[in-house]
Every structure is written in C-alpha cells, then in structure tokens.
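J.: Here is a sequence together with a model predicted from it:
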Amino acid sequence: MTNKLKASIARVACLTLLLLTISIAVVGQDEPLKIHYHLAMPHPSSHLFEVSIDVDIPSQTKIDYLDFQMPKWSPGRYAVFDFAKNVQEVNAEVSCLTQYDERGIALPKSCPSGVSAVWRVDDQTWRPDLHGNRGVTLTLNYKVFANDLSGTFSELDSRHANFNGGCVFMYVVNHKQDPVALSIDPPKNWRIVNGRTDRTDQRDWQFPNWDIMIDTPTEIAPDWTEDNFKVDGKEYHVVVHSMGSEGGKRHSLVRDIEKIVKTETAMWGPPDLASYTFLVHFANDAHSNDGMEHLTSTQIIMPGSLADSNTYDDALDAIAHEFFHVWNVKRLRPIELGPWDFTRPANTRGLWIAEGITNYYGHLMQRRAGLWNDAKLWSTLAQQITEVENAPGSRLMSAEESSLSAPFIDDALHAQHTNLANTSISYYPKGEILGLVLDLLIRGKTNGKASLDEVMRRMYDEFYVQSPNATYYLRGRGYKNEDFERMVSAVAGTDMSDFFRRHVRGVESPPYAEAFAYAGLRFVREPQQPVWVGIGADENDPNNFKVAVVRPGSPAADAGLEIGDIIRMFGGIKLTPENLLKTVSRYKPGDRVAVTVQRGRRTIQMSIVLGPPRTSTYRIEEMPNATPEARALRAAWLGGN
C-alpha cells in the first residue's frame, strides 16, 4: 500500500465500514515477516511429516500474537477436506532473535527463551503464547499424517514422499502474502524434485508467498527417472515414478508428451515460465487416480503401470488436460481463483470455463497432435454429450450453478445420503460440450475466420498479459463470466447473449445439430435401451447390483425401489452392473418383471412395469455430401487453424 493511499484512508476515517474493510484486507502487509518452513520425514513408515515454521518477530513490530492456520481445502480441488484433522502434536518455542544496530553490530540478547504454550483457537487455527515478547524467533512444530497419493492429499511411506503443500503447511494468518523459504530434509539417498527445482542436490527454496509455495507439489524418492526436452526455448522435465513395469514405454511417453506440448503452445504461444515439470506416477495399485494443475508443473497419478496400454493412453489424456491449464485457470483465471480465503469454500461461476473448456481442448489437442484419429475424437465428444443429455441433473442445474456447487461435487465426501445424482451435473462435461458448440458456432458464423481459440488467446492477453496486477498472488487479474461472454460475442461478430442466457445460465440443450453441420458433421440420436427402468448400480460392487441411483418418476421409483437395495433377481436372472443392458434387452415397454430385492435383512418381492426409452445414445458422423466449405472448416478446426 502506498503512502498516498494511506493518507487518503486517513482523510476518510469517518467512513467506518470502509476503513474496517480496508484495514482487514491489509493486516500484516505493512510489516512483512521472515518465515521459514522446515519439512522432515525421519520415519517414513509412520506416514508422519514433521513440520517446523520459524517466524522472526523484530523488536519494533506491533504484533501481539500470531495465528497459524491449516486450510480447509486447496486450489484445483474445491471440496472442503478440513486438512487440520491430520495435524497432531502441535507445540511452540521461542528463542532470541539476533538483531543489529545501524552499524551492523549485533545487539545483546535479552529475551526469554523456551517452550511457549499453544492455544487451539478453532478447528483450523493455533495461537502460540508470545507473552508480548519482541525480538524473538517463534517456532511452531507439528506433525501431519499423510497416506493418500493424490493431487490434493499427500503420501509418506517406505517407497517415497509426495506432498501437496495445502494439506501440509499452515500459513501465518494475515501474512500469506509474505515471502517464505522452505527447507526439506529427506531420508538418506532420497532425491527431491518439483516444478521449481534448479539443481539436482537442491534442498532449499525461496517463494514470493505462501500461495506459490503450496502450488509446488514435490516428489521425494530414491528411484524416479527424469527425461528432458525443449520447445521454444523452454525446458520441460518428465519425471516418472513407476511402481510397476514400464514395458519399455517411457521414451515413447516422453515423445508423446512433447507432441502435446508443441500442439498446445502452437495455439497459445510459449508459456510464461522458464521450465515446466510433469510429475507422473504409475502407482500400480488399482485405485490411485488423479491429475492436478500447477503454475510450473502438473501431477499425474495413474492406478496402473506404464506397460499397460490403457493406462498409457489415460496418462496422455490427463497430461493434455493439465498442461492446457498452464494458460487456462492457472494464469487466465476466474476472479475468485486467487488469492483465496481458506476458511470457507471457493465460490465461482466460472469453472465450466476453467475446467470444462479445458476438458474440451484436452481432447481436441490429442487429435491435433496426431495421438487420436477422427473416430476417437467423435466417440469421445459423443460420450460427453450422452453423459450430459441423459443426466436428470442437467435439466435442473446450469453450467454456472454447477460451478458454484463444486464444493459438493468435486470429489467431495458426504457423511449423509444425498440426491446429487439426480439433481446435479458436473461442470467438466457440461463445460466441455458448451466449449465444443461455441467453437463450431463461432467458426460457422465467421466462415472459418475466427474460433474459440481466438477467444481464449484474447482473454489471456487482456486479463493476464496486459492487465496490471490486482493482488500479490500473480500477474494480471481475474475475469468474470460476463467478460467471457463479451469476448465470445466480439470474436463471433454477433451478439451471443441469448446463447449464454439459454445454455450457460439456463438449462436448455445447446444447438448440437447446427454446430456440427458447420463442420460437415451429422448429429445422430438413438435410444440407449429398448426400455426404461431408471436405476443405476454401485460400480464398486461388480458381483451384485446394489442400487446407487433411482431416477425420479421412473418405473423403478414407481415400483418402490430405493437406493441401497440389492437386486438379487430380475425376471429370474441374477442381475449385476455388467449384465443390466443385456438383461433388460429381453423386454419391451409395458412388460411387468418380477424382481427380488434384498433391503437390509429383508427379502422383498416386487414387480416393475417397464417404460418406453427415456435415455439416448448420441453419435457424430461425417456427412458424405458435406460442402467443400464445411470440409475446409472441419480441417481447420482439427488442424488448429
């Protein structure tokens, strides 16, 4: 804050509410503190990280106390996880801070040292007792239990340490904007790597603020590999930690990642970074599966081994998505995404743009890179449309409302039963199909002269490259959904507000047929099943049909089926999630089917009267009689022109 602004605030002191708001926003910014984090892991099999935070409190400071806070969630995963639940053994100590006079001579130390009591203020906050001391270093110590390999949580075991800073490092309240240092003490012969590693033996890092520090996931292990390549003068590092067989595929993986990088930078231009790191884990445990974006890295976690062809393809799919985030979401970002208030969930209407449109481009970029053919792209896009159009929540929840509901639907855990399966839709597929339709509509309305690519580039230039810094966190400023709508209309050369009213803020299906026709493609709809039952199975139990979803107004609902029921027999056949479609294909609408249901300890006999088809399967096909103009537009779309 400048002296001129301070003087202006003083002149309007009578405006109590304004003054209070401003003072809260800038607490601590006038007196930045020296903050140093230390991370150790002396007993990996205990799953306990040991954290120490040193905070220097000069004698001239006005601070009476410091609060230390664990976030309730972390960027990129919007559900609230209350990371404080894994914090244990919090304690603090105070030691004298060496201070110097104006001649640089150390002053005598005259402060009490020793253990300081720590008060737990609330579920996420701890406050050491300073007793009004100044000229001291306050050290807060604690341990964090970590046994989940994911893009949100952390894992420490005998094989490796992998941490995401948001669930490990407390921040000093009102001092997140201060520069911080991090020192890591790894087990013997374990090596450290992250997106800000400058040398092979590095153990110390400096960050401009706490938010950047936690945006730097780190792998610590004895056996990861690294391969490197350059694109447009930028360094790219592919770090692979394989827990299973690689089948000789690592070099192919690096080559294909390079294709993705070249394709995405061809659209955006070189990214605003010196180097970028792909942290890729092949966990080979059948359950760890995630991907998370960061400013200078991404973390990709696959449940299989690199040798498995499906796992290989899934890894590239995740990489194409996460690398696109280098621009869209990490730098070009909704206004609510950074810096954050970690005491409450994030609320933004823009995740359908940040995540959904990224999903669209992640798929399109694999076609542009030559990793997919046309048929693979058509099939994937049709699957996304099928998912959205068949979801009852898609008729109840708009793309913007889905974005606002992220804390409930982004891998959130629920202690209570919910009806979200019937009332919500994810902003990932919803945003993807909106991005797809917008792209083709813009291309069609401009006769191929403009595209969604241009919208994204212009947004990036206006809000990231050209805008002055709005906060301490990052260059530029965030956008509002209205800014995106304005840019779409400008690039399309026509008012697109009706599209946003009906399909983004509203729940109407977008004009698929019109959009695909511009590219010489036909949009085909067919019944998904010959009859409608209106149930979905719990996929975690492949041997039994445990009802996970009952659609409102469906034959299953009319018959009295409930979530949690296990359908033992359906028309004399043992039902499983795998054989549902084959089993119901034996019937026609209006047939009455005897069903045996286990509900708790009871066995119930009921019958279901099957209904006419309600769900559809969608296909995308090439028009054999497409005009040369439409074929040219399609070629430009797929080729990135």
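T.: Received it, and whenever you're ready, just let me know what you need.
J.: show me the contacts for residue 153.
T.: 81, 146, 164, 167 (CB atoms under 8 Å, 6 or more residues apart in numbering). For glycine as for every other residue, the C-beta is placed from the backbone atoms N, C-alpha and C.
J.: Switch those residues over to TSV; also include secondary structure.
T.: Formatted as TSV, those follow (DSSP: H, G, I helix; E, B strand; the rest coil):
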residue	secondary structure
81	coil
146	coil
164	coil
167	helix
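J.: Tell me which two in these are the farthest apart.
T.: 81 and 146 (12.6 Å; CB to CB).
J.: And these two? Which one has more around it.
T.: Using other CB atoms under 10 Å as the criterion, residue 81 and residue 146 rank with residue 146 on top: 23 against 19.
J.: what about the strands in the stretch 1-150 of the chain?
T.: With DSSP state E, counting those that start in this stretch as the criterion, the stretch 1-150 of the chain has strands at 34-40, 48-57, 68-69, 87-96, 114-116, 118-122, 125-128, 136-145.
J.: buried set for whichever helix or strand residue 637 is part of?
T.: Here residue 637, judged by DSSP states H and E, is contained in helix 628-639. The neighbour-count check on helix 628-639 (16 or more other CB atoms under 10 Å) flags 630, 632-634, 637 as buried.
J.: OK, contacts around the residue nearest to residue 84 when sequence neighbours are not counted?
T.: Nearest residue to residue 84, sequence neighbours excluded (CB to CB, 6 or more residues apart in numbering): residue 70, at 4.0 Å. For residue 70, the contacting residues are 83-84, 87, 124, 167, 170, by CB under 8 Å, 6+ apart.
J.: likewise residue 140?
T.: Contacts of residue 140 by CB under 8 Å, 6+ apart are 52-53, 55, 68, 90-92, 118, 126, 128, 170.
J.: change it to 6 Å
T.: Applying CB atoms under 6 Å, 6 or more residues apart in numbering to residue 140 gives the contacts 53, 68, 92.
J.: Quick one: the helices in the stretch 401-550 of the chain, in order.
T.: Under the criterion DSSP state H, counting those that start in this stretch, the stretch 401-550 of the chain contains helices at 406-409, 420-423, 427-445, 452-460, 481-492, 497-499, 512-518.
J.: what's the burial count for residue 59?
T.: 13.
J.: residues in contact with it?
T.: The contact partners of residue 59, taken as CB under 6 Å, 6+ apart, are 134-135.
J.: can you give me phi and psi for it?
T.: The phi/psi pair for residue 59 (degrees, to the nearest 10) reads phi -70, psi -30.
J.: Tell me how far residue 178 lies from residue 199.
T.: For residue 178, the distance to residue 199 equals 25 Å [CB to CB, to the nearest Å].
J.: More neighbours: these two, which one.
T.: residue 178 (21 against 6).
J.: quick one: that one and residue 36 touch, right?
T.: No - using CB atoms under 6 Å, residue 178 makes no contact with residue 36, being 11.0 Å away.
J.: circling back to that earlier point, among the helices of the stretch 401-550 of the chain, which is the most enclosed?
T.: Ranked by mean neighbour count under mean count of other CB atoms under 10 Å, those are led by helix 427-445, which reaches a mean of 24.
J.: What helices and strands are in contact with that one?
T.: Using 3 or more CB pairs under 6 Å, 6 or more residues apart in numbering; DSSP states H and E as the contact criterion, the elements in contact with helix 427-445 are helix 358-368, helix 374-390, helix 399-404, helix 452-460, helix 512-518.
J.: That helix - what's its average pLDDT?
T.: Taken as a whole, helix 427-445 has a mean pLDDT of 98.
J.: Extract the C-alpha set from it and format it as PDB.
T.: Provided in PDB are the C-alpha atoms of helix 427-445 (Å, rounded to 0.1, in the frame of the first residue of the first chain):
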ATOM      1  CA  TYR A 427     -19.100 -28.700 -14.900                       C
ATOM      2  CA  TYR A 428     -16.500 -30.900 -16.600                       C
ATOM      3  CA  PRO A 429     -18.700 -32.500 -19.300                       C
ATOM      4  CA  LYS A 430     -21.200 -29.600 -19.200                       C
ATOM      5  CA  GLY A 431     -18.500 -27.100 -19.900                       C
ATOM      6  CA  GLU A 432     -16.900 -29.300 -22.500                       C
ATOM      7  CA  ILE A 433     -20.000 -29.600 -24.700                       C
ATOM      8  CA  LEU A 434     -20.600 -25.800 -24.300                       C
ATOM      9  CA  GLY A 435     -17.000 -25.200 -25.400                       C
ATOM     10  CA  LEU A 436     -17.400 -27.600 -28.300                       C
ATOM     11  CA  VAL A 437     -20.600 -26.000 -29.600                       C
ATOM     12  CA  LEU A 438     -19.300 -22.400 -29.100                       C
ATOM     13  CA  ASP A 439     -16.200 -23.300 -31.100                       C
ATOM     14  CA  LEU A 440     -18.100 -24.600 -34.000                       C
ATOM     15  CA  LEU A 441     -20.700 -21.800 -33.900                       C
ATOM     16  CA  ILE A 442     -18.000 -19.100 -33.900                       C
ATOM     17  CA  ARG A 443     -16.200 -20.800 -36.800                       C
ATOM     18  CA  GLY A 444     -19.500 -21.200 -38.700                       C
ATOM     19  CA  LYS A 445     -20.800 -17.600 -38.100                       C
END
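J.: Now do that helix against helix 481-492, angle only.
T.: Interaxial angle of helix 427-445 relative to helix 481-492 (axes from the mean of the first three to the mean of the last three CA atoms, to 10 degrees): 30 degrees.
J.: residues contacting residue 262?
T.: Residue 262 makes contact with residue 231, according to CB under 6 Å, 6+ apart.
J.: Assign it to helix, strand or coil.
T.: Classification of residue 262 by three-state DSSP places it in helix.
J.: And it, how close does it get to residue 234?
T.: Shown here: residue 262 relative to residue 234, a distance of 11 Å by CB to CB.
J.: Any idea what residue 93 is bridged to?
T.: Applying DSSP bridges to residue 93 gives these bridge partners: residue 115, residue 139.
J.: In contact with it, which residues?
T.: Residue 93 neighbours (CB under 6 Å, 6+ apart): 115-116, 139.
J.: what's the neighbour count on the closest residue to residue 329 other than its chain neighbours?
T.: Excluding its sequence neighbours, the residue lying closest to residue 329 (CB to CB, 6+ apart) is residue 354, at 4.2 Å. When neighbours are counted by other CB under 10 Å, residue 354 registers 23.
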